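Participant: Sequence and computational prediction follow.
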Amino acid sequence: MRFVPYLIRTALAGEPILCSSGTQIRDFLDTAVCGRALAQLLASSVEGVVNIGAGETPPLSLAEIVEHICAVCNCPHAPQFGALPMKKDEPHFMVPDISRLRNEVKFTERQDTRHALSMLVSANQSAQMV
């Protein structure tokens, strides 16, 4: 199950959101921005490993993502942090180094993750009305 779609579906349904502690730090990137970054990388002469990510500073914790989606969805339940155990080998910090993407590929588009999540919630709300 994908994290963000689970959050949106559950929050829009008004159901309780069960989570681990939420302290994990992650990099979330809108697929449209990812596609533009990949297209620019493929059109460049840059070779080797190039990480693609949002590069938001500071990166967001899973708890921040959960709380934002709950607020945008007007979810009637507070997130239940700690209701699920942490995965055994889950890294606490998983954020790519996108310096080659910025410096060599010259991909400079920035993403406001909270805005992107709000737009995703809005699209899901619209789809439910159809």
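Facilitator: It's in. Keep in mind that this is a model prediction, so the values were computed, not measured. Residues are numbered from 1 along each chain as shown.
Participant: The residue nearest to the spatial centre of the chain and Arg2, how far apart?
Facilitator: Centre of the chain computed as the mean C-alpha position; nearest residue by C-alpha atoms, centre = their mean is Phe28, 2.9 Å away. Per C-beta to C-beta, to the nearest Å, Phe28 is found 11 Å from Arg2. (Each C-beta comes from the backbone N, C-alpha and C, glycine too.)
Participant: before we move on, the earlier item: how about the secondary structure of the residue nearest to the centre of the chain?
Facilitator: Assigned with DSSP: H, G, I helix; E, B strand; the rest coil, Phe28 falls in the coil class.
Participant: just checking, it touches Glu64?
Facilitator: No. Using C-beta atoms under 8 Å, Phe28 is not in contact with Glu64; the gap is 10.2 Å.
Participant: where along the chain do the helices fall?
Facilitator: Assigned by DSSP state H, the helices in the chain fall at 3-12, 31-43, 62-72, 99-103, 113-129.
Participant: between those, which one is nearest to Val49?
Facilitator: Checking the helices of the chain against Val49 by C-beta to C-beta gives helix 99-103 as the closest, at 7.7 Å.
Participant: how distant is the closest one from the center of its chain?
Facilitator: 20 Å (C-alpha atoms, centre = their mean, to the nearest Å).
Participant: repeat for stretch 68-79
Facilitator: That offset, for stretch 68-79, works out to 16 Å (C-alpha atoms, centre = their mean).
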